[in-house]
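Student: here's my sequence, what's the structure:
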Amino acid sequence: MVEIKSQLEIESMRAVGALAAAQLEMIEPFVVPGVSTGELDRICHRFTLDVQNAIPAPLNYRGFPKSICTSVNHVVCHGIPSDDKILKNGDIVNIDVTLIKDGFHGDTSKTFIVGQGSVRAQRLVQTCKQSLYRGIQAVKPGAFLGDIGHAIQSFTEKHHFSIVKEYCGHGIGRVFHDEPQVLHYGRSGTGIALQPGMIFTIEPMINIFALKLLHEHYENGDKILLASATNELIVKPIAERLEIKNVIATKVEFKDNKCTGEFIPPSALGEGKLQLVKSWMEDKQRNSFSRVTFYSDSINDLPLLEAVELPIAVNPDQTLDGIARDRGWKIFTLPRI
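Tutor: Coordinates of the predicted model:
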């Protein structure tokens with residue numbers, strides 16, 4: 001059951017929400033390269049107690065050991081501040097603060113780019129911010145919870161990002177986490193009808209799925225190779241943006257510092273790609289495809305998909321989709337750019 005707040009309770013919520021917002025404004029100048037998330041936590045903790053005369057709600061909540069959450073890069077949410085976690089130039093960090101004042105909770109967060117962020121980092125943060133605004137615009141008496149999720153999801157996927165579906169917004173008031181659960185995806189016209197006096201958080205989390213996968217592979221100590229039949233003039237800049245050092249692509253001919261438009265054998269298509277990857281692996285002293293994962297969207301890559309231990313079809317064409325399903329391969333479906 002969703003609690004309907006009185007006008008007096010709504011005013012109390014506005015007041016504590018304003019305090020939480022003020023704390024994010026206070027901490028912003030401290031979010032710089034070289035600072036630890038542990039230090040950011042201590043600054044917010046002192047500000048909460050000494051300046052705002054409030055209580056940091058996360059501290060000891062369900063065993064959480066700190067006063068704020070600091071989620072860096074691929075940590076989606078609820079990251080625990082630490083003196084060992086030093087922010088670097090280009091990091092993305094979300095700082096989530098919740099205060100208790102006069103018995104009511106104010107919960108808000110902001111995502112910061114540390115120093116000079118990449119274009120993709122700026123685009124990710126701005127898209128998430130705009131998706132939040134789309135969700136807020138959907139809130140009105142008589143609308144439905146599903147309208148909020150639909151607005152966020154449709155905007156996010158239109159800009160080629162994906163929704164993190166494991167976490168959601170929530171009701172809030174005297175209770176930190178209450179009904180309703182506010183999903184950031186869904187269909188319009190579904191869920192409960194919104195009524196005046198309902199108070200809940202909307203806190204969309206989005207990601208660049210491919211980059212998340214890359215990060216996980218790097219964390220596992222895996223070697224990453226980008227192998228494409230496309231010519232190297234296109235593939236290499238993509239690899240640089242993705243910070244992939246190892247690249248196989250179709251080579252192009254240059255004469256007098258000008259591209260002739262001719263390709264240099266061997267081809268990186270089909271069986272040729274498999275042979276080039278084998279040669280690369282031999283140079284790395286790897287003679288087996290065991291524990292090798294390969295992602296592809298094309299039936300042209302079938303020879304390599306069949307060779308590796310962990311083939312994954314990503315947005316596969318119709319033929320590859322059928323083969324992947326018949327053989328029990330994993331299939332990933334991502335928003336298309």
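
Student: what pLDDT does the model give I337?
Tutor: Per-residue confidence at I337 stands at 43 (pLDDT).

Student: helix/strand/coil for the nearest residue to I80 once chain neighbours are set aside?
Tutor: Distance criterion Cβ to Cβ, 6 or more residues apart in numbering; nearest residue to I80, sequence neighbours excluded, is K66 at 5.8 Å. Heads up, the C-betas are built off the backbone N, CA and C, glycines and all. Assigned by DSSP: H, G, I helix; E, B strand; the rest coil, the conformation of K66 is coil.

Student: now swap in the one 10 residues further on and tell me
Tutor: When the structure is split into helix, strand and coil by three-state DSSP, V76 lands in coil.

Student: name the residues of stretch 303-321 that are buried.
Tutor: Neighbour-count burial for stretch 303-321 flags L304, L305, V308, P311, I312, A313, V314, N315, P316, L320, D321 (criterion: 16 or more other Cβ atoms under 10 Å).

Student: from what I can see the fifth one touches R327, true?
Tutor: No: I312 is not in contact with R327 according to Cβ atoms under 8 Å; the separation is 11.7 Å.

Student: re the thing from before, list the contacts for the residue nearest to I80?
Tutor: Under the criterion of Cβ atoms under 8 Å, 6 or more residues apart in numbering, the contact list for K66 reads D41, H45, P58, L59, I80, P81.

Student: can you list which of those are found in helices?
Tutor: Among the contacts of K66, the members falling in helices are D41, H45 (criterion: DSSP state H).

Student: filter the contacts of K66 to the buried ones?
Tutor: Buried residues within these, defined by neighbour count using 16+ other Cβ under 10 Å: D41, H45, P58, I80, P81.

Student: check those and tell me the two furthest apart.
Tutor: Greatest spacing in these, by Cβ to Cβ: H45 and I80 (13.6 Å).

Student: all strands of this protein, in order?
Tutor: Taking DSSP state E as the criterion, the chain carries its strands at 55-56, 69-72, 92-101, 104-113, 162-163, 169-171, 178-182, 206-207, 225-231, 246-255, 258-264, 293-296, 310-314, 330-332.

Student: quick one: strands adjacent to the fifth one?
Tutor: Strand 162-163 sits in its sheet next to strand 206-207 (antiparallel), going by DSSP bridges.

Student: quick one: mean pLDDT for the partner strand?
Tutor: Taken as a whole, strand 206-207 has a mean pLDDT of 88.

Student: re earlier: out of the buried residues of stretch 303-321, which is nearest to H160?
Tutor: Distance ranking of the buried residues of stretch 303-321 against H160, using Cβ to Cβ, places N315 first at 11.9 Å.

Student: for I331, see how far away the closest one is.
Tutor: Summarising the geometry, the distance separating N315 from I331, computed by Cβ to Cβ, to the nearest Å, is 9 Å.

Student: thought A324 was touching Q318?
Tutor: No: with contacts defined as Cβ under 8 Å, A324 does not count as touching Q318, sitting 10.9 Å away.

Student: now do the longest helix along the chain and strand 92-101, the angle between them.
Tutor: The longest helix of the chain (DSSP H) is helix 7-27. Taking axes from the mean of the first three to the mean of the last three Cα atoms, to 10 degrees, one finds that helix 7-27 is oriented at 140 degrees with respect to strand 92-101.

Student: helix 7-27 packs against which elements?
Tutor: For helix 7-27, the helices and strands in contact under the criterion 3 or more Cβ pairs under 8 Å, 6 or more residues apart in numbering; DSSP states H and E are helix 37-46, strand 92-101, strand 104-113.
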